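Student: Compute the structure for the input listed below.
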Amino acid sequence: MTKRIATAVAVLGAASIISGCAIEQPSAGCFVQDSSFALWQAKYIPKTEADAAKACGQLKGEQLGVWKYSNPEATEAEVAENKAARLAIRPRGLASLTRTSYKFTEDGTEKTRTVDRVAQDKWKDATALSTTLPAEPDSEGYCKASGFAPASLTVEQVTNHMTGAVVAPAASRTYKFGDDVEVYSHPAAPGTQLRGSLTYTSGDCTAEYEVWALWPSVGCVPGSTVAAESCGEGSGLNPDFDAVCDADLKACVPAKRPKSFKGQ
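Tutor: Prediction:
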């Protein structure tokens with residue numbers, strides 16, 4: 001299976017106007033903005049009050065790595081079953097467990113040590129991969145990915161080899177994305193918003209979330225009235241996005257459940 005590298009584009013305008021007639025834009029297919037160019041930003045909303053009250057229900061959101069993988073050798077049957085492409089999601093909460101760094105002093109010199117907490121071939125364990133992804137969006141512009149395997153990592157604590165102090169605690173986290181994950185892929189905003197559900201487990205605690213995400217991940221200044229600092233013009237986002245600055249994440253997130261566009 002080979003990876004199709006998406007061209008990082010953001011089509012900012014509406015349909016072209018020629019001689020006073022709007023030209024309908026062709027389908028972009030199930031396009032997904034690739035995290036080889038920029039990360040996505042997700043906002044997490046607990047599904048119930050009970051979820052929100054749990055220790056593992058306190059997640060506000062995080063950056064996501066999102067990729068589309070295509071198989072150019074897919075059979076006709078695989079194409080018909082939407083199995084010629086797959087969607088991959090790697091949450092920062094898992095990626096951050098794969099390694100850690102700490103500083104220590106040796107012979108009067110401050111040094112940094114980086115510790116790989118999982119084997120290199122276990123990077124895949126930090127990535128949720130779907131079974132299906134269609135070639136074309138549905139009538140509303142959504143591309144639904146389904147059959148995600150859980151992405152899960154368990155790591156032991158890391159201690160400073162000089163002092164014995166714990167620099168990274170042991171952790172066990174699992175992300176299970178639901179069969180309702182959808183990427184919005186429209187010519188005016190090709191593959192730049194995502195929605196779906198997530199079951200998150202940390203240790204023996206499990207909570208369910210609604211996921212709202214957009215591309216690219218853009219930082220912001222809570223309370224600022226400057227457009228470029230508050231997810232408006234000049235921020236790097238599509239100016240048609242209805243986005244807000246999340247005070248907890250200090251990042252731009254969809255203002256409503258995607259698709260989140262102004263005037264809609």
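
Student: Return the residues in contact with the nearest residue to Gly57 once chain neighbours are set aside.
Tutor: Leaving aside its chain neighbours, Gly57 sits nearest to Ala207 (3.8 Å; criterion: CB to CB, 6 or more residues apart in numbering). To be clear about C-beta, it is placed using only N, CA and C from the backbone, and glycine gets the same treatment. Contact analysis of Ala207 by CB atoms under 8 Å, 6 or more residues apart in numbering lists Pro46, Asp51, Ala52, Lys54, Cys56, Gly57, Leu59, Thr199, Tyr200.

Student: What residues sit buried inside the helix or strand harbouring the last one?
Tutor: Following DSSP states H and E, the helix or strand that holds Tyr200 is strand 189-202. Along strand 189-202, these residues count as buried under the neighbour rule (16 or more other CB atoms under 10 Å): 189-196, 198-202.

Student: Rounded mean pLDDT for it, please.
Tutor: Mean pLDDT, strand 189-202: 97.

Student: Check the spacing between the residue lying farthest from the centre of the chain and Thr114 real quick.
Tutor: Outermost residue of the chain with respect to the C-alpha centroid, by CA atoms, centre = their mean, is Asp107; its distance is 42.9 Å. Asp107 is 19 Å from Thr114, where distance means CB to CB, to the nearest Å.

Student: still on that earlier bit, from the buried residues of strand 189-202, pick the one nearest Arg173.
Tutor: Ser202 (5.4 Å; CB to CB).

Student: Next one: that closest one relative to Thr75, how far apart?
Tutor: Taking CB to CB, one finds Ser202 at 40 Å from Thr75.

Student: Likewise for Cys205?
Tutor: Cys205 is 42 Å from Thr75, by CB to CB.

Student: what do you get for Ser139?
Tutor: Taken as CB to CB, the span from Ser139 to Thr75 is 26 Å.

Student: of these two, who's got more company?
Tutor: Thr75 (11 against 5; other CB atoms under 10 Å).

Student: Just flag the most distant two among the contacts of Ala207.
Tutor: Ala52 and Thr199 (14.6 Å).

Student: so where's this structure uncertain?
Tutor: Applying pLDDT under 70 to the chain flags residues 1-28, 120-122.

Student: What segments of it are helices?
Tutor: Along the chain, counting by DSSP state H, helices occupy 49-53, 76-80, 92-95.

Student: Can you mark which positions in the second one are buried?
Tutor: Residues of helix 76-80 classed as buried by neighbour count (16+ other CB under 10 Å): none.

Student: where along the stretch 101-250 of the chain do the strands fall?
Tutor: For the stretch 101-250 of the chain, the strands defined by DSSP state E, counting those that start in this stretch cover 109-116, 128-129, 142-145, 151-155, 158-159, 166-168, 171-177, 181-186, 189-202, 205-214, 243-246.

Student: So what's the gap between the fifth one and the chain middle?
Tutor: On the basis of CA atoms, centre = their mean, to the nearest Å, strand 158-159 is displaced by 29 Å from the centre of the chain it belongs to.

Student: Which strands or helices does it pack on?
Tutor: Strand 158-159 is packed against strand 166-168, with contacts defined by 3 or more CB pairs under 8 Å, 6 or more residues apart in numbering; DSSP states H and E.
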